[in-house]
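Asks: mind looking at a prediction? Sequence and model below.
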Amino acid sequence: MESNESKELKTLFIEEELSQHGEWLCDILTEAIETRKLMQTDALHDSIDYKTFHDGENPGLKVSFFSYGRAFEIAGNKKNRHQVDTNRMVWGMKANRNPVKKNTRWYAKNMYGGLNRLISRVMYGLSDAEIARLKGILENRKLNYNG
């Protein structure tokens with residue numbers, strides 16, 4: 001059975017990793033939409049945020065990225081929305097076109113690709129030096145709480 005100190009140490013480590021991952025992910029998403037010039041206003045840029053939370057004893061991470069803002073900004077950047085269909089005008093037939101698919105790979109690649117990064121950091125990041133640092137933080141918390 002795990003000691004209470006060991007559980008606190010692991011929980012603190014996971015909380016810190018989740019917070020760092022949330023900050024990293026928001027930076028990556030912001031950089032991706034800026035380089036692809038998907039923003040017309042700052043509404044999309046300002047909607048990207050994260051927060052850590054607890055569900056019982058389990059820490060978690062929530063990344064806020066307003067989907068209506070994302071959809072609005074991406075839809076607003078479609079090029080050449082009014083094309084002339086010459087086949088239909090001349091021959092009276094529709095062109096066989098597939099609907100234009102939004103390029104959202106930048107979102108999925110960063111969001112879901114970052115999960116592997118987070119998993120490896122949580123699995124392999126708890127070194128002896130990190131344990132010593134976290135023990136110091138827990139000791140300071142106890143002293144401040146009791147003092």
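Replies: That came through fine. Residues are numbered from 1 along each chain as shown.
Asks: residue 115 is in contact with residue 24, correct?
Replies: No. With contact defined as Cβ atoms under 8 Å, residue 24 does not count as touching residue 115 (11.9 Å). Using the backbone N, CA and C atoms, a C-beta is placed for each residue, glycine as well.
Asks: pick out whichever of those two has more residues nearby.
Replies: residue 24 (16 against 11; other Cβ atoms under 10 Å).
Asks: least trustworthy helix or strand in the chain by mean pLDDT?
Replies: Lowest by mean pLDDT, DSSP states H and E among the helices and strands of the chain is helix 67-76, with a mean of 53.
Asks: how about the nearest residue to residue 19, chain neighbours excluded?
Replies: Nearest non-adjacent residue to residue 19, counting by Cβ to Cβ, 6 or more residues apart in numbering: residue 52, 5.3 Å away.
Asks: which strands or helices does the helix or strand hosting that neighbour pack on?
Replies: Assigned by DSSP states H and E, residue 52 belongs to strand 49-55. Other helices and strands packing on strand 49-55, by 3 or more Cβ pairs under 8 Å, 6 or more residues apart in numbering; DSSP states H and E, are helix 4-35, strand 58-64.
Asks: which residues touch the last one?
Replies: The contact list for strand 58-64, computed with Cβ atoms under 8 Å, 6 or more residues apart in numbering, reads 11, 14-15, 18-19, 21-22, 25-26, 47-54, 111.
Asks: report the buried residues of the host helix or strand of residue 142.
Replies: Take DSSP H and E as the rule and residue 142 turns out to sit in helix 128-146. For helix 128-146, burial by neighbour count (16 or more other Cβ atoms under 10 Å) applies to residue 134.
Asks: extract the C-alpha set from it and format it as CSV.
Replies: Included here for helix 128-146 are C-alpha records, laid out as CSV according to Å, rounded to 0.1, in the frame of the first residue of the first chain:
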residue,chain,number,x,y,z
ASP,A,128,15.3,11.4,-8.0
ALA,A,129,16.1,15.1,-8.4
GLU,A,130,12.4,15.8,-9.2
ILE,A,131,11.3,13.8,-6.1
ALA,A,132,13.6,15.9,-3.9
ARG,A,133,12.3,19.1,-5.3
LEU,A,134,8.7,18.1,-4.8
LYS,A,135,9.3,16.9,-1.3
GLY,A,136,10.6,20.4,-0.6
ILE,A,137,7.4,21.9,-1.9
LEU,A,138,5.3,19.6,0.2
GLU,A,139,7.3,20.4,3.3
ASN,A,140,6.9,24.2,2.7
ARG,A,141,3.2,23.6,2.3
LYS,A,142,3.0,21.8,5.6
LEU,A,143,5.0,24.5,7.4
ASN,A,144,2.8,27.3,5.9
TYR,A,145,-0.3,25.4,6.8
ASN,A,146,0.8,24.6,10.4
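Asks: this completes my enquiry, with thanks.
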